[in-house]
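*Asks:* everything below, folded, please.
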Amino acid sequence: MQEFYDPWDTQALYQDKVQGCDTCTDKCAVPERGIVCGPILRLVGVDYERNLYRGSLLLVCRDIAAPQVSFVAGPSDSGIGAGAAGSSASASASQSHSYFPRVLFFEEQGLQFYRYTIEFEMQDYEQLIKYAIDTEIKPHYRFFVPAKTANFNTISYSCNGFSLSVDTTKFKGSMWFDILNKHAKTHYHVMLGGGDQIYSDGVKIFCDKFNDWLTEKNPSVKARAKLTPELRADLDKFYLKEYIEWYGYGYWKGSTPKSKTTQACFPIAMASIPSINIWDDHDIIDGFGSYSHSFMKNEVFSGVGKAAYKYYMLFQHHVSIHEREAYLENPSWLLGHKESDYIGERSHSVFTRIGPTWGMLGLDCRTERKIKQIVSWDTYALVFKRLEEEVAKGKMDHLMVMLGVPIAYPRLVWLEWLFSSKFLAPLKYLSKKGLIARSLVNEFNGDVELLDDLNDHWCARHHKKERNFLVSKLQDFGAKHGVRITILSGDVHLTTIGRFRSKLHSHHITSSKDSEVERVLDEPENDVRLMFNVISSAVVNTPPPTAMSGLLQKRSGIHHFDRETDEDVVPLFKKDVDGTNRKFFSFMNRRNWSDLLPVQNVLQNEYLRNLYQVSEGDKCVPGIISDSGLEKRTSDNSPEEKQDVLYPVTSQGFIATIHAEKDALSVESKSVGYAVVVPELKRANISLSHKGIKHLDATNPSEA
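*Replies:* Here you go, the predicted structure:
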């Protein structure tokens, strides 16, 4: 059995796949026949009542017979989930081999879309699944299924592409190469795409008929334009080509000669680690959903959303919108209340277990989005009803909630006010006419270019009530059921970790308040209000300048969510990647990705044990992972500031790590880890008060 597991050397196999744009051509060499995209793995869901792991594999083909995908399954070398008997359990386990059943579920433009059904009974040990396509075997045609007693080693990432005008020659390395290197030693079981898995903003450049509409000078003609069959076909052609080139080959080009790249390690990762995805605006077009209602209802612009949705479902979820059974009846779907106004489809959130005591909610925050709405109240009701049903099925220690845009993030209300001010009207008019500062306004509706980004944020004035409602509902759910909730977000092109926690009462006259403050600081595992927002962005796109980190740092003090809940940012980045001190210690403007590793998995994996060097009961300082692992509490490093909280390593907790790029010009693509320990919640059946909450009576969402 030991010969079944053959570790693959990512350095030797994939170093040649790390390419900057200087090695790119102007055209992606998609073959005339054969497999033109794939394999792409997706985690459909895990049913612990039936002990069933469910996934799918996508192949897109042209002019060939339907490929067969065979597999052989056996134990990996980790022993995770089998405890001390891991080695003997693996040695006695048997191999199995067969074929994944396939279905031709969609055809278009001479292409055939094949979906292969993956189902495995989970074992007492971690399984390695090797597969072959017809007779072709590649080293990365493999993935891992965790033991039935183990929670998933999980990746979270976002912003997987470049903005149109980025000079990609400034990036020689690839965070996907870093992911593959760590996957070989860590064994990631799922990666969560938090939005912008593809940057499709090029539709306004490379889709000729849409560009004609976009550049129409007569506003009346533009408003009355229809989505003709020719324009619809042009949009379909663009999104299909965009997905095949990016998902198949990691190829992309933008608006300038230096705006092109080949991220060849990205398709390799998709063939090695199953994904669960939600989408955001760049999967469609920049700002979709955050423009005025009249503009969003325009038949042409809403047609862009409909076309992007079609291919998002095909490539990121492996279903066609015409497959009613697969499209609507998958038990992992959490469908919206009704069809959305602009796209005309129900939102597709996802819920599944990613471990016997871990749940994952991917909330679709784009399909129903309007300038004054992110998710409808009726859909929220369905979401929380589903969560109550799921927690009733079995113990849930942690719930990961994917939200494309951060919800615990500094407010930029003053910028929002400035960009929407009537005093900017003359400048906006001159910019729209091309007389001054042409980049000041967007080409869609003439608003200031950055206003749609601000309108996207949960703290935008139109979304504050909805934001506070959602945060309070998540807090209530966690406190009632003893579930620690961690929010995963992206979008902002830098990394930070926002935090909600019980308020530290600094103005008091009784000793009881002193003990309460001490308890919040010393026992975060008992803090029912503690929620982290792990913000990991971007895995590919360029980070903002250091000045933005400074601006955000100044806006990241302690805010009062309600009378009992404070909101702040974890001071995670006090050390830079070279070990020097950083001034802006809460925000890191380097490319990055993150992972969430169960403590039990860390303790049973030699590489991870040596990396973190922690034991149960340690109290750890959030921050850089040094040669001696995570920093532990000693008499010399007790917290000095209210934002410096130590977190205990607990048996059912996990470690969240941000992997920040060390040097964008190095093809070695190394990263430096920054980690925070997230303990499970050891209290339950707590009823919370939200007195003093701003903007909303959280018990009555209809008032919003």
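
*Asks:* where does the stretch 551-700 of the chain have low pLDDT?
*Replies:* Residues of the stretch 551-700 of the chain meeting the criterion pLDDT under 70: 634-643, 695-700.

*Asks:* strands of that one, start to end?
*Replies:* 559-562, 565-569, 592-598, 619-620, 623-624, 647-648, 654-661, 671-678 (DSSP state E, counting those that start in this stretch).

*Asks:* Provide the strand pairings for the fifth one, with the direction of each partner.
*Replies:* Just to be clear, that refers to strand 623-624. strand 671-678 (antiparallel) (DSSP bridges).

*Asks:* tell me what angle the strand it pairs with forms with strand 654-661.
*Replies:* Counting by axes from the mean of the first three to the mean of the last three C-alpha atoms, to 10 degrees, strand 671-678 lies at 160 degrees to strand 654-661.

*Asks:* and the residue nearest the centre of the chain?
*Replies:* Central residue of the chain (C-alpha atoms, centre = their mean): Gly194, 2.1 Å from the mean position.

*Asks:* for it, what are its contacts?
*Replies:* 156-158, 278, 280, 402-404, 488-491, 536-537 (C-beta atoms under 8 Å, 6 or more residues apart in numbering). In this view, the C-beta of every residue, glycine as well, is placed from N, C-alpha and C.

*Asks:* those residues in strands, which ones?
*Replies:* Members of the contacts of Gly194 lying in strands (criterion: DSSP state E): Ser156, Tyr157, Met402, Leu488, Ser489.

*Asks:* from Pro229, how far off is the second one?
*Replies:* I take that to be Tyr157. Counting by C-beta to C-beta, to the nearest Å, the gap between Tyr157 and Pro229 amounts to 37 Å.

*Asks:* ok, now the fourth one?
*Replies:* Going from Leu488 to Pro229 by C-beta to C-beta gives 40 Å.

*Asks:* more neighbours: which of these two?
*Replies:* Leu488 (28 against 8; other C-beta atoms under 10 Å).

*Asks:* contacting residues for that one?
*Replies:* With C-beta under 8 Å, 6+ apart, Leu488 has these contacts: Ser156, Leu192, Gly194, Met400, Val401, Met402, Leu403, Asn533, Val534, Ser536, Ser594.

*Asks:* which strand residues bridge it?
*Replies:* Assigned bridge partners for Leu488, using DSSP bridges, are Met402, Val534.

*Asks:* and it, how far from Asp9?
*Replies:* Per C-beta to C-beta, Leu488 is found 31 Å from Asp9.

*Asks:* got it, and Arg102?
*Replies:* 31 Å.

*Asks:* which one of these two is surrounded by more residues?
*Replies:* Arg102 (17 against 11).

*Asks:* Phe587 touches Gly498, doesn't it?
*Replies:* No: Phe587 is beyond contact range of Gly498, at 10.6 Å (criterion: C-beta atoms under 8 Å).

*Asks:* in terms of neighbours, single out the busier of these two.
*Replies:* Remark: of Phe587 and Gly498, Phe587 carries more neighbours, 26 against 22, as counted by other C-beta under 10 Å.

*Asks:* Lys338: neighbour count?
*Replies:* With other C-beta under 10 Å as criterion, Lys338 counts 12.

*Asks:* meant to ask about Arg324, not that
*Replies:* Residues contacting Arg324 under the criterion other C-beta under 10 Å number 9.

*Asks:* same thing with Pro139?
*Replies:* Neighbours of Pro139 (other C-beta under 10 Å): 17.

*Asks:* can you show me the helices along the stretch 451-600 of the chain?
*Replies:* Under the criterion DSSP state H, counting those that start in this stretch, the stretch 451-600 of the chain contains helices at 451-456, 464-481, 511-522, 546-554, 599-603.

*Asks:* pLDDT value on Glu323, please?
*Replies:* Confidence at Glu323, expressed as pLDDT, is 86.

*Asks:* can you check His508 too?
*Replies:* In this model, His508 is scored at 44, pLDDT.

*Asks:* again, but for Asp77
*Replies:* 82.

*Asks:* and Ala326, by the same measure?
*Replies:* 64.

*Asks:* ok, now Tyr243?
*Replies:* 98.

*Asks:* how about Arg461?
*Replies:* Value for Arg461, per-residue pLDDT: 81.

*Asks:* equivalent analysis for Asp447, please.
*Replies:* 41.

*Asks:* so what's the closest residue to Arg591 other than its chain neighbours bridging to?
*Replies:* Spatial nearest neighbour of Arg591, excluding adjacent residues (C-beta to C-beta, 6 or more residues apart in numbering): Glu661 at 4.3 Å. Beta-bridge pairing of Glu661 under DSSP bridges involves Ser671.

*Asks:* from Ser594, how far off is Glu631?
*Replies:* 19 Å.

*Asks:* okay, those two: which has more neighbours?
*Replies:* Each of Glu631 and Ser594 has its neighbours counted (other C-beta under 10 Å); Ser594 has more, 28 against 19.

*Asks:* for stretch 162-174, what is the average pLDDT?
*Replies:* Stretch 162-174 comes out at a mean pLDDT of 92.

*Asks:* for it, which positions count as buried?
*Replies:* Going by neighbour count (16 or more other C-beta atoms under 10 Å), the buried part of stretch 162-174 is Phe162, Ser163, Leu164, Val166, Thr168, Thr169, Phe171, Lys172, Gly173, Ser174.

*Asks:* starting at the chain centroid, how far to that stretch?
*Replies:* Stretch 162-174 sits 20 Å away from the centroid of its parent chain (C-alpha atoms, centre = their mean, to the nearest Å).

*Asks:* cool, stretch 291-301 as well?
*Replies:* 27 Å.

*Asks:* low-confidence ranges in the protein?
*Replies:* In the chain (pLDDT under 70), the answer is 1-4, 10-26, 78-93, 326-328, 412-455, 505-521, 634-643, 695-704.

*Asks:* so the residue nearest to Arg591 touches Arg590, yeah?
*Replies:* Yes: taking C-beta under 8 Å as the definition, Glu661 is a contact partner of Arg590 at 4.8 Å.

*Asks:* between the two, what contacts are shared?
*Replies:* Contacts common to Glu661 and Arg590, judged by C-beta under 8 Å, 6+ apart, are Val577.

*Asks:* any chance of the contacts of Leu488 in a markdown table, with distance to Cys28 too?
*Replies:* Formatted as a markdown table, these follow (distance: C-beta to C-beta, whole Å):
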| residue | distance to Cys28 |
| --- | --- |
| Ser156 | 28 |
| Leu192 | 27 |
| Gly194 | 26 |
| Met400 | 34 |
| Val401 | 35 |
| Met402 | 29 |
| Leu403 | 32 |
| Asn533 | 36 |
| Val534 | 33 |
| Ser536 | 27 |
| Ser594 | 29 |
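
*Asks:* which one of the residues you listed sits closest to Gln613?
*Replies:* Ser594 (19.7 Å; C-beta to C-beta).

*Asks:* wait, what's in contact with the nearest residue to that closest one once chain neighbours are set aside?
*Replies:* Closest residue to Ser594 in three dimensions, ignoring its sequence neighbours and counting by C-beta to C-beta, 6+ apart: Ser536, at 3.9 Å. Shown in contact with Ser536 (C-beta under 8 Å, 6+ apart): Ser156, Tyr157, Ser158, Gly194, Leu488, Ser489, Gly490, Thr495, Asn592, Trp593, Ser594, Ile658.

*Asks:* closest one of those to Lys503?
*Replies:* So of those, ranked by how close each gets to Lys503 (C-beta to C-beta), first place is Ser489, at 23.0 Å.

*Asks:* fine by me, we can end here.
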